[in-house]
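Asker: Just to be clear, the model below is a prediction. Sequence and coordinates:
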Amino acid sequence: MNANLSISQSEFLSFAALIFKYTGIRMGEKKKNLIVSRLSKRVRARNCNSYGEYLDIVKSDFDKEERNIFISLITTHVTHFFREPAHYDFLENILENRNNPPTKIWSAAASTGEEAYSAGLIMQDKLGSDNWSILGTDICTDSVEKARDAFYPIQGSEQIPNHYLKRYCLKGKEEFNGYFTFAKEIRSRIRFEVTNLTTFERLPGSFKPDIVFLRNVMIYFEPKEKQMIIDKIESILSPGAILIIGHSESLTGIRSNFKLIRTSVYQKI
């Protein structure tokens with residue numbers, strides 16, 4: 001195929017419609033270069049003579065693996081352990097100072113699992129093995145599989161406080177040399193499932209969280225989709241439940257029964 005292949009306006013609009021269908025994310029004209037940069041290698045890898053040919057492959061019911069690759073390429077997966085540490089400080093504080101501490105956490109855009117495992121280290125340390133559970137969900141099948149595997153490059157361990165690192169983290173051996181994982185008591189309390197935030201009606205296993213991490217997700221959605229997601233999350237939470245969003249985000253302009261209790265942390269009324 002032509003290495004300099006360009007995307008036509010009709011092809012771009014078709015991709016934008018497909019991305020919205022699969023993810024709920026709207027891709028305006030300014031995102032055309034982003035779509036090209038993220039898809040060009042796959043277009044070449046599949047020996048397509050046009051972006052339209054690749055679009056047909058993604059839409060095909062016979063190639064769901066390519067569809068998962070497509071969704072993974074389009075959605076952003078920037079994450080690391082203990083990202084935005086003030087939120088983890090908040091979690092530690094409420095676990096230590098509440099008579100009836102939260103025991104169920106939903107990591108709503110879990111990516112490859114770093115957020116969920118960071119919270120799990122704190123939950124295990126404060127509550128013990130039998131008193132907590134975490135559900136991590138993501139739209140990307142590949143990310144969910146990596147989160148389930150729970151092996152991470154050893155460099156990532158530098159982001160984990162030493163106290164947790166020494167007690168709950170294990171260095172990989174043989175084929176896993178250069179990687180680390182978490183102790184069984186951590187991994188056994190955390191599960192990961194594929195879930196689309198814009199279409200779910202209830203969580204896998206009818207999971208009912210006390211705390212929701214929805215961080216650095218809302219920035220990718222337009223107001224209508226933001227409202228839809230918040231409505232869905234609110235519907236599954238009990239009064240008093242906590243919603244944590246990214247420091248660069250807010251619920252301004254969104255109708256909800258959440259009140260701000262500190263920067264980027266809300267509580268359902």
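Answerer: Nice, thanks for sending it over. Numbering: from 1, shown residues only.
Asker: Let me see the ranges of the strands in the chain.
Answerer: Along the chain, counting by DSSP state E, strands occupy 104-107, 133-138, 152-153, 169-171, 179-182, 190-194, 211-214, 242-245, 258-262, 265-268.
Asker: Walk me through the domains of the chain.
Answerer: Following the assignment in automatic domain parsing, the chain carries domains at 9-74, 85-268.
Asker: By mean pLDDT, show me the worst of these.
Answerer: Among the domains of the chain, domain 9-74 carries the lowest mean pLDDT, a mean of 89.
Asker: ok, back up a step: got JSON lines for the domains of the chain, with mean neighbour count too?
Answerer: Bear in mind the C-beta positions are built from the backbone N, C-alpha and C, glycine included. Shown next, in JSON lines, are the domains of the chain (neighbours: other CB atoms under 10 Å):
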{"stretch": "domain 9-74", "mean neighbour count": "16"}
{"stretch": "domain 85-268", "mean neighbour count": "17"}
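Asker: one step back: TSV for the strands of the chain, including distance to S60?
Answerer: Listed next are these as TSV, based on distance: least, CB to CB, whole Å:
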stretch	distance to S60
strand 104-107	31
strand 133-138	23
strand 152-153	33
strand 169-171	41
strand 179-182	35
strand 190-194	19
strand 211-214	32
strand 242-245	36
strand 258-262	41
strand 265-268	41
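Asker: looking at these, which is closest to I25?
Answerer: strand 133-138 (13.6 Å; CB to CB).
Asker: tell me what the closest one is packed against?
Answerer: Judged by 3 or more CB pairs under 8 Å, 6 or more residues apart in numbering; DSSP states H and E, strand 133-138 is in contact with strand 104-107, helix 114-127, helix 141-149, strand 190-194.
Asker: residues making contact with stretch 62-75?
Answerer: 19, 22-23, 25, 35, 38-39, 42, 46, 57-60, 139-143, 220 (CB atoms under 8 Å, 6 or more residues apart in numbering).
Asker: Could you do stretch 159-169 as well?
Answerer: Contacts for stretch 159-169 (CB under 8 Å, 6+ apart): 80-83, 118, 121-122, 124-125, 157, 180-183, 185-186.
Asker: ok, now stretch 210-217?
Answerer: Everything outside stretch 210-217 that qualifies as a contact, by CB under 8 Å, 6+ apart, is 78, 83-84, 87, 91, 102-109, 115, 119, 197, 229, 233, 237-238, 241-246, 248-249, 264.
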